[in-house]
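Q: Give me a 3D structure for the following:
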Amino acid sequence: MNALEKIGAAEDKVAGLQDALTAVEGVLDTTEQIVVEGQKAGRCFRRLFKVLVLISIVAIVVMVVKKVMAGRSSEEDVVAVEAVVEEAAVEEAILEEAVLEKAEDVADDS
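A: Prediction:
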C-alpha cells in the first residue's frame, strides 16, 4: 500500500470519526437539554410543594380560628340566652305582681 492509499484510508477513517462525533454531540446536546429541563421541573415541583404546604398551614390556622370563634360565639350565645331568660323572668314576676295588685284592687272595690 503506498502513501496515497494510506492517506485516503486515514481520511475515510477521520470522516467516519467526525460523523460519530457529530452524532455524539447531538446526543450530548439532547441530554443537556433534558437535564436542564429536569432541573427546572424539580424547582417547579419544590415551589409547588412549598405553596401547598403554605396553603395547608393557612387552612389549618383558619379552621382553628373558626373553632375558637365558634366556641366563644356559643359561650356568648349561652350568656345572652341566660340574660334574656333572666330578664323575661323578672318581667314575668313584675307582671304577676301587677296582676295580683290589680286583682286585689278589684277585690277591694267590690
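Q: Check which helices and strands the helix or strand containing Arg47 is in contact with.
A: Taking DSSP states H and E as the criterion, Arg47 maps to helix 3-109. The criterion is 3 or more C-beta pairs under 8 Å, 6 or more residues apart in numbering; DSSP states H and E, and there are no helices or strands that helix 3-109 contacts. Every residue, glycine included, has its C-beta placed from N, CA and C.
Q: tell me the mean pLDDT for it?
A: Per-residue pLDDT values across helix 3-109 average out to 83.
Q: Renumber starting at 11 from here on
A: Happy to do that; since the first residue is 11 now, the last one works out to helix 13-119.
Q: how far is that helix from where the chain is centred?
A: 1 Å (C-alpha atoms, centre = their mean, to the nearest Å).
Q: gap between the spatially most central residue of the chain and Val74?
A: Nearest to the centroid of the C-alpha atoms of the chain, with distances taken as C-alpha atoms, centre = their mean, sits Ile65, at 2.3 Å. Ile65 is 15 Å from Val74, where distance means C-beta to C-beta, to the nearest Å.
Q: could you check the distance from Gly18 over to Asp29?
A: 17 Å.
Q: now Glu35
A: Relative to Asp29, Glu35 is positioned 11 Å away (criterion: C-beta to C-beta).
Q: Could I get the contacting residues of Glu42?
A: When contacts are counted by C-beta atoms under 8 Å, 6 or more residues apart in numbering, Glu42 touches no other residue.
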